[in-house]
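J.: output the structure for:
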Amino acid sequence: MFSHIADFLNRSPPDPVRLPFTSSHWPVLIILTTYMVLIKIVGPMFMQNRRPYDLLGIIKAYNIMQIIYNTVSLVFSVHFMLGPGNFNFKCITNLPLDHEYKTWERWVTYSYFFNKLLDLLETGFFILRKKNRQISFLHVFHHVYMVYICFLYIYYFGYGGHGLFLVTFNVVVHIMMYTYYYQSSLTQNSKDLWWKKYITIVQMVQFGIILAHSLYVLQQPDCPASHLSATWGSLISVVFLILFGNFYVRAYILPQKKVKRRAQ
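T.: You can find the predicted model right below:
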């Protein structure tokens, strides 16, 4: 078993085209290590005796950028899958290297990976504003995991394919999420945004869809799509369903029960 894992990790990338930060593990590992050092050590030390920074203008611009970026990414991804990519959703595979639309597939996939790098800035904003309660285990784990798993998929499985289909759902979630962030920056009372909790519900639905589709792929013995990718997609979907489910219970269900008990 371990020899198979070692052979897999040491194999050459299936796609010879290496876009920025995808040529080896080191660039991504350096970025993530720097991220962890900044948010766990340097950032808190820097802000220890300082007042929170007012980054409202920067955050508004960042949220607008994310909404536009993810919307454009969604449009191109859906158009690619339904058009040039000609996806068979029962068995989604990567385009051949000599396919006329292979470059399009590479850049559509890479745009998602690059967006995960941009997402790391969000934690920096929390630190500079002293919103440390929002830097939860789920927040950090999700950011680090998404960057590295996207790199691993591109490096070991190539651009596009089953992975591109799965992350398209995450783009939809991000459009909703950054729209909420932008609207919350316009009001001092975030409780007025009644639909906040539904973002978490949509996130859980997303992982449910990923789990269902990955399990479906595993039941197709003749499908050349990577079963390793589908297996991991299934496992991590369960993990995120548990984590986001736990967050939903603590953030929305338990507080309501406490309010009802006090009312009684």
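J.: what comes into contact with stretch 193-204?
T.: Stretch 193-204 is contacted from outside by 172-173, 176-177, 180, 183-184, 187, 190, 240-241, 244-245, 247-248, 251-252, using C-beta atoms under 8 Å, 6 or more residues apart in numbering. For every residue, glycine as well, the C-beta is placed using N, CA and C.
J.: need the helices for the chain, in chain order.
T.: 2-10, 25-37, 43-47, 56-82, 102-119, 121-128, 137-157, 161-184, 196-218, 227-248, 254-263 (DSSP state H).
J.: and of those, who's closest to Arg18?
T.: helix 137-157 (8.7 Å; C-beta to C-beta).
J.: okay, now the unreliable bits of the chain?
T.: 1-10, 188-192, 257-264 (pLDDT under 70).
J.: which among the helices of the chain is found nearest to Leu19?
T.: helix 102-119 (4.9 Å).
J.: just the terminal-to-terminal distance for stretch 111-127.
T.: 26 Å (C-alpha to C-alpha, to the nearest Å).
J.: same thing with stretch 127-143?
T.: 15 Å.
J.: what about Phe207, how many neighbours?
T.: 24 (other C-beta atoms under 10 Å).
J.: how close does it sit to Lys131?
T.: 25 Å (C-beta to C-beta, to the nearest Å).
J.: now do Tyr155
T.: Taken as C-beta to C-beta, the span from Tyr155 to Lys131 is 34 Å.
J.: counting neighbours, go ahead and name the busier of the two.
T.: More crowded of Tyr155 and Lys131, by other C-beta under 10 Å: Tyr155, with 20 against 12.
J.: just give the nearest non-adjacent residue to the more buried one, would you?
T.: Pro13 (5.4 Å; C-beta to C-beta, 6 or more residues apart in numbering).
J.: give me every residue that touches that neighbour.
T.: Tyr155, Tyr156, Gly158.
J.: what's around the second one, how many residues?
T.: Around Tyr156 sit 16 other residues, with neighbours defined as other C-beta under 10 Å.
J.: same thing with the last one?
T.: Burial of Gly158 is recorded as 23 neighbouring residues (other C-beta under 10 Å).
J.: residues contacting the closest residue to Cys91 other than its chain neighbours?
T.: Leaving aside its chain neighbours, Cys91 sits nearest to Cys223 (3.8 Å; criterion: C-beta to C-beta, 6+ apart). Contact partners of Cys223, counting by C-beta under 8 Å, 6+ apart, are Lys90, Cys91, Thr93, Val217.
J.: report the buried members of the contacts of stretch 193-204.
T.: Neighbour-count burial (16 or more other C-beta atoms under 10 Å) applied to those gives Val173, Met176, Met177, Tyr180, Ser184, Phe240, Leu241, Phe244, Phe247, Tyr248.
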